[in-house]
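Undergrad: what follows is a predicted structure for the sequence shown.
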Amino acid sequence: MPIEQIIYIALLAISVLAFAVSCAERLELITLGAAENRFDAPLKRLQRMLSYAFAQKRVLKRPFGFNHSLLFWGFLLLSLANAEFLIDGLFPGQIAHTLPEGLYRGLAIAFDIVSLVTLVCVGIAVVRRLFFPPDYLGNEYTSARSRESLLILAMIASLMLAFFLLHAAHAALGIHDTTRPVSALLGSGLTGLSVQSLETVALYAWWGHAAILLIFLNLLPRSKHMHILTAIPNTFFANLEKTTLPSPEVFEKGARFGVGSVEQFSWKDLLDSFTCTECGRCQDLCPAYNTGKGLNPRRIVHDIKVNLLKNGPTLKEGQSGSHPLTDTVQGEGTSCVDALWDCTTCGACINVCPVLIEQMPKIIKMRRHLVQEKAEFPSELLTLFENMEQRSNPWGIAPSERSKWSNQLGDRLFDAEQCDILFFVGCAGSFDTRAKQVSVALTTILDQADVRWGILGKDELCCGDSVRRLGNEYVFDQLARQNVELFKSRGVTKIVTACPHCFSTLKNDYRQYGLEIEVLHHSELIAHLVSEGRLKLPQKDQGALLFHDSCYLGRHNDTYEAPRQILQQATGKTPQEFERRGENAFCCGAGGGRMWLEEVSGERINRNRVKEALHQSPDTICVSCPYCMTMMEDGLKDEGDEKVRVKDVAEVVAEALRP
Amino acid sequence: MQVISCLKQVPDTTQVQIDPATNTLVRDGIPFITNPYDTHALEESLRLRDDYGVRAVALSMGPPNAEATLRKACSLGVDDAILLSDRSFGGADTLATSRVLSAAIERLAKQEEVAIVFCGKQTIDGDTAQVGPGIASRLGLHQLTLVDRIERLDLGNKTIRVRRKLEGRYEIVEAPLPVMITVVREINQPRYPTVPMRLAASEREIKVWDNSQLKLDVETIGLKGSPTWVSKIFSPERDQGEIIGDGLNDPEGTTQLLLEKLLSKDLLAV
Ligand code: SF4
Ligand code: SF4
């Protein structure tokens, strides 16, 4: 055996071993996480994996995504080419002999062309990073021109170049094991060189190729390019529900509540952290980050990874790690607690992540620990939590006042015999002056359509949305149990709410408590009533209406059409749209319990949104949520605008119905 | 050394309604809460426990269901919780109440020296602000009322210096221990129970002392020992307001109407 081959075999063995060791190390770190069942519905998972990983569904949503997708598909094919290269080094010429001639030729042609495409794509990526870096690629801990990303791109490019050089030299030497069009073309440029020089070129190219490949292999698990290995399984294990729910907790002695150290995250959370591609899309959409606050969902994921790597060695020995997961100041591998309170749970991060990382639930898990195990939270929340627990509404108003808004409507208590649908009014609809008007507007619509509705009156409890997102699962658990029990005992089979937070909580979160009934947002119910012909909606021009998507209606529940449709039907005009709308809509700032917190850092989120609204010069901003209502009205006041009004979609419909 | 906080379980007055027919309080189905001022008394005792290593004990006189208040105190971390409950304690006014609480504090003092007795400034149901001072006079403690800050506590030399929050001014007072302190809300922000503490509290023992332990003369306690009693509770008559103008469609006209009304009744300084 020639000495070169022995050296090669030794290098290959060392690299593959080192690669296997780093992968095993990381896998072991991931298995330190808490158990979580992500193995159910394998077919559905497989199908999602195919569409999100292999078909690059989300990657392709952005223009540059096409370049990445070409790289991804190229990479898949070139993995074969590189495997062939490595094996060919072990058993020179064997593969060419073993494979059927046609197949080998076909593959060789494909590898040649794909390598060219890959080289071009890498070139584009380098140019983009160097000369046109989008804002969202960089942040306080990395930049679009980070050494790591450029190094990896350079390595891929050199790999392609070495590949071409090798095959071009072979072509020029006339060693034609098969035809490779690009290499052959390049080879024709080398024919002037002597045989000896060509052989030297081929030799260096071969060793260069081998060296880069083996180094690259070992850089993978130690960089953000780990995603090349984990992204595919990560899309398989991703959450299957439309809205990513926080997992329920069991309130038993000795149990832990929330996540206070990295190994308390589930293994899937840890896998997520190794999968982040640092693409920055979540950061690009996050309302907190975009208004200058400390939170960056990408950084949350990044810090979990860094924390796991730092604490890994001690954790593996069964001891707790010394590097804190959260602290009052941001550190490498340590999230700042203030940042955790910045999250509005708008879901934009989850919705945009190309590799289906679930950022926001990690924030909620850390909030849970702070609230439930340390009782550390912004002081405003103390009153909120006590009001929720003692009077089951955020304002602390007496439960007996809950149905006061409906006093003029007569006795409308829900009775399964007399009513087809429960109107779950919610706390805002019951107590907030402005939202009470929406409750009344909705009831006039329901009455016009002869819907037999009823309310629970003083027995209704807060749905618990805010406390759950704020991490007070203990109080949420009590509210949810009591409400579900109440619905069951009263024989409720269908619910309508005028609040997307109640809507999503009853529809999705309460399933964890065994409630499986139809829950509708009022915009959906009104749209049904119109399409069934039960509600005759006369058209009335109401000026220029601009529709603002609520996060919990839109992104969390995919309801984008119903509110737009009824606005169109009530006014005869398609409503105006925000620049950031639908899936990419910008939050009003009130979700995730932020409604009850002071907004101390950065620009106010609602003002940012109102400014965007004013670009369209609307007469009215239309909302579908009582929190959005408050935030838009406050934002308009802060902007000093006295002309633009804010209306709920139900009010627009009720106005059209007014004789 | 121990510090004691006296807690009262009261009906959540924001939820209490007056029966218009009888003009009495409708207490049915009204949840009970810990008197809000007392939660600050409790918190202050817990802070001293945390800072000085004294024992924090919570006391409450009330019917058996007042146990809930003490259980909450346990979930916040008191070292001991004692319910003073006996049929003969029922119907007590502030005097009779202070006798029972004083007897219990004396009994505790036999086991371990008492440095401070904390009470809320008043309760939200009775609003008398008498029980704390009552305890102080029964037990001969120095009384420091309306305290919004403990300036200095010296357990070695047995002195305390506090700030009292009075109408338009503060007063700094120093006194030798033991003292009875009533607190105002500004003194602290009560802590929130952690879930592990809540779960542990549900298994904690709440001691119950009745009159067989306190051995008070039944003529001096409960209804019998109360020189005052409530003869009637009613809500004052209030004239129904009037809705003027149409604020939605004519905000300016309506403002004008309101101004005229206020001016005509001389309610606005011009
Ligand atoms: S849920 Fe919204 S606010 Fe929270 S981190 Fe994600 S994008 Fe930011
Ligand atoms: S978490 Fe997802 S969206 Fe955010 S940077 Fe990482 S890969 Fe991109």
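TA: Structure's in. What do you need? Residues are numbered from 1 along each chain as shown, chains lettered A, B, ... in the order given. Ligands and ions are numbered 1, 2, ... in the order given.

Undergrad: just the helices from the stretch 151-270 of chain B, written as ranges.
TA: Residue ranges of the helices in the stretch 151-270 of chain B, as given by DSSP state H, counting those that start in this stretch, are B:195-201, B:211-214, B:251-264.

Undergrad: could you dump the ones you listed to TSV with mean pLDDT, distance to ligand 1 and mean neighbour count?
TA: C-betas here are computed from N, CA, C, even on glycine. TSV is the format used below for these (pLDDT from 0 to 100; distance: least, Cβ to the nearest ligand atom, whole Å; neighbours: other Cβ atoms under 10 Å in any protein chain shown):
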stretch	mean pLDDT	distance to ligand 1	mean neighbour count
helix B:195-201	95	24	19
helix B:211-214	94	56	15
helix B:251-264	89	37	12
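
Undergrad: make a markdown table out of those and add distance to A:Leu553.
TA: Below are those laid out as a markdown table (distance: least, Cβ to Cβ, whole Å):
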| stretch | distance to A:Leu553 |
| --- | --- |
| helix B:195-201 | 31 |
| helix B:211-214 | 61 |
| helix B:251-264 | 31 |
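
Undergrad: for chain A, find the nearest of those.
TA: Closest of the helices of the stretch 151-270 of chain B to chain A is helix B:195-201, at 4.2 Å (criterion: Cβ to the nearest Cβ).

Undergrad: export that closest one to CSV, keeping only CA atoms.
TA: Output in CSV follows, covering the C-alpha atoms of helix B:195-201 (Å, rounded to 0.1, in the frame of the first residue of the first chain):
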residue,chain,number,x,y,z
VAL,B,195,-45.8,26.9,44.6
PRO,B,196,-43.6,24.6,46.7
MET,B,197,-44.4,26.7,49.8
ARG,B,198,-48.1,26.5,49.0
LEU,B,199,-48.0,22.8,48.6
ALA,B,200,-46.1,22.4,51.8
ALA,B,201,-48.5,24.7,53.6
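
Undergrad: hmm, who's touching that helix?
TA: Helix B:195-201 is contacted from outside by A:251-253, A:257, A:372-373, A:474, B:71-72, B:74-77, B:193, using Cβ atoms under 8 Å, 6 or more residues apart in numbering or on different chains.

Undergrad: same for whatever helix or strand A:Phe85 lives in, what does it pack against?
TA: Assessed by DSSP states H and E, A:Phe85 sits inside helix A:65-90. Using 3 or more Cβ pairs under 8 Å, 6 or more residues apart in numbering or on different chains; DSSP states H and E, the elements in contact with helix A:65-90 are helix A:3-30, helix A:94-98, helix A:101-131, helix A:195-219.

Undergrad: at 10 Å instead, please
TA: Applying 3 or more Cβ pairs under 10 Å, 6 or more residues apart in numbering or on different chains; DSSP states H and E, we find helix A:65-90 packed against helix A:3-30, helix A:94-98, helix A:101-131, helix A:147-173, helix A:195-219, helix A:227-236.

Undergrad: what angle do the first one and helix A:65-90 make?
TA: Taking axes from the mean of the first three to the mean of the last three Cα atoms, to 10 degrees, helix A:3-30 and helix A:65-90 form an angle of 130 degrees between their directions.

Undergrad: which SSE is immediately downstream of helix A:3-30?
TA: Sequence-wise, the next helix or strand downstream of helix A:3-30 (DSSP H and E) is helix A:42-49.

Undergrad: distance from the chain centre to that next one, please.
TA: Averaging C-alpha positions (Cα atoms, centre = their mean, to the nearest Å) puts helix A:42-49 18 Å from its chain's average.

Undergrad: stretch B:200-220 too?
TA: Its chain's C-alpha centre and that of stretch B:200-220 lie 19 Å apart, by Cα atoms, centre = their mean.

Undergrad: that one: end-to-end distance?
TA: Here the two ends of stretch B:200-220 are set 38 Å apart, with distance taken as Cα to Cα, to the nearest Å.

Undergrad: buried residues in that stretch, which are they?
TA: B:201, B:206, B:209, B:211, B:214, B:216 (16 or more other Cβ atoms under 10 Å in any protein chain shown).

Undergrad: in chain B, which residue sits closest to ligand 2?
TA: Taking Cβ to the nearest ligand atom, ligand 2 has its nearest neighbour within chain B at B:Val195, 29.6 Å off.

Undergrad: leaving out chain neighbours, which residue sits closest to that residue?
TA: Spatial nearest neighbour of B:Val195, chain neighbours left out: A:Gln372 (4.2 Å); criterion: Cβ to Cβ, 6 or more residues apart in numbering or on different chains.

Undergrad: how near is B:Lys215 to B:Pro227?
TA: 22 Å (Cβ to Cβ, to the nearest Å).

Undergrad: from the chain's centroid, how far away is the helix holding A:Phe85?
TA: Its chain's C-alpha centre lies 28 Å from the corresponding centre of helix A:65-90 when counted by Cα atoms, centre = their mean.

Undergrad: again with stretch A:183-195
TA: The answer for stretch A:183-195 is 50 Å, by Cα atoms, centre = their mean.

Undergrad: show me the contact partners of it.
TA: Residues outside stretch A:183-195 that contact it (Cβ atoms under 10 Å, 6 or more residues apart in numbering or on different chains) are A:108, A:111-112, A:115-116, A:163-174, A:176, A:180, A:197-202.
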